[in-house]
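J.: I need the structure of the sequence given here:
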Amino acid sequence: MKKYFLVSLLVLCLVLTACGKKTPTEEMPAEDQEKYIQMSKDAITTLNEEGFAALEDKYSEDMKKAMTADALEKSEEVLAAKGAFKDFGQTAALYYTDEKTSNKYIISQVETLYEDGSLVFTISYDLDDNIIGLFMK
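T.: Now for the predicted structure:
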């Protein structure tokens, strides 16, 4: 499982860098890593207990528009198929800057373990701590 998480994090970094739109900026201080990893764990706990709609107040305006009823339903089906939540695994958090807009944001990854498998959540935040992206794999 550690290999999968590290490979997926490496692939994420390579894809973001290869696309030329996002590049790592300064190192994220440990206190910021702890903050965003905890925020992500809290968001995942909310998803597991209450569903995606319960996070609406944490979404950016663009994210709120993207989370249509169909998208919510499909996301909750994926989550339900994994069974009961068991534990968190590996975590990481990084700063990124969009080269076109110079906007800085945060990407965190959290491995989660369930009865019937695992998921890696990738949650992106703007500097106002709004969720601007949420992906499960």
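J.: could you dump stretch 81-89 to PDB, C-alpha only?
T.: Taking Å, rounded to 0.1, in the frame of the first residue of the first chain, the C-alpha atoms of stretch 81-89 are listed here in PDB:
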ATOM      1  CA  ALA A  81     -18.700   0.300  -2.500                       C
ATOM      2  CA  LYS A  82     -15.600   0.400  -0.300                       C
ATOM      3  CA  GLY A  83     -17.600  -0.500   2.900                       C
ATOM      4  CA  ALA A  84     -17.000   0.800   6.300                       C
ATOM      5  CA  PHE A  85     -14.100   3.200   7.000                       C
ATOM      6  CA  LYS A  86     -11.200   1.600   9.000                       C
ATOM      7  CA  ASP A  87      -8.300   4.000   9.200                       C
ATOM      8  CA  PHE A  88      -6.100   6.600   7.500                       C
ATOM      9  CA  GLY A  89      -2.800   5.600   5.900                       C
END
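J.: can you pull the buried residues of it?
T.: By 16 or more other C-beta atoms under 10 Å, the buried positions in stretch 81-89 come out as 82, 85, 88-89. C-beta here means a position set from N, CA and C on the backbone, and glycine is covered the same way.
J.: figure out how far it is from the centre of its chain.
T.: Relative to its parent chain, stretch 81-89 has a centroid offset of 16 Å by C-alpha atoms, centre = their mean, to the nearest Å.
J.: quick check: what element follows the longest strand seen in the chain along the chain?
T.: With DSSP state E applied, the strand covering the greatest number of residues in the chain is identified as strand 85-98. On the C-terminal side of strand 85-98, the nearest following helix or strand under DSSP states H and E is strand 104-114.
J.: so where does the spatially most central residue of the chain fall, helix or strand?
T.: When the chain is reduced to its mean C-alpha position, the nearest residue by C-alpha atoms, centre = their mean turns out to be Ile123, at 1.7 Å. Using DSSP H and E, Ile123 sits in strand 117-125.
J.: avg pLDDT for that strand?
T.: Summarised as a single mean, pLDDT over strand 117-125 is 97.
J.: now stretch 55-62
T.: Mean per-residue pLDDT for stretch 55-62: 93.
J.: residues touching it, excluding its own?
T.: Taking contacts as C-beta atoms under 8 Å, 6 or more residues apart in numbering, the residues outside stretch 55-62 that touch it are 43, 46-47, 64, 67, 126, 130-132, 134.
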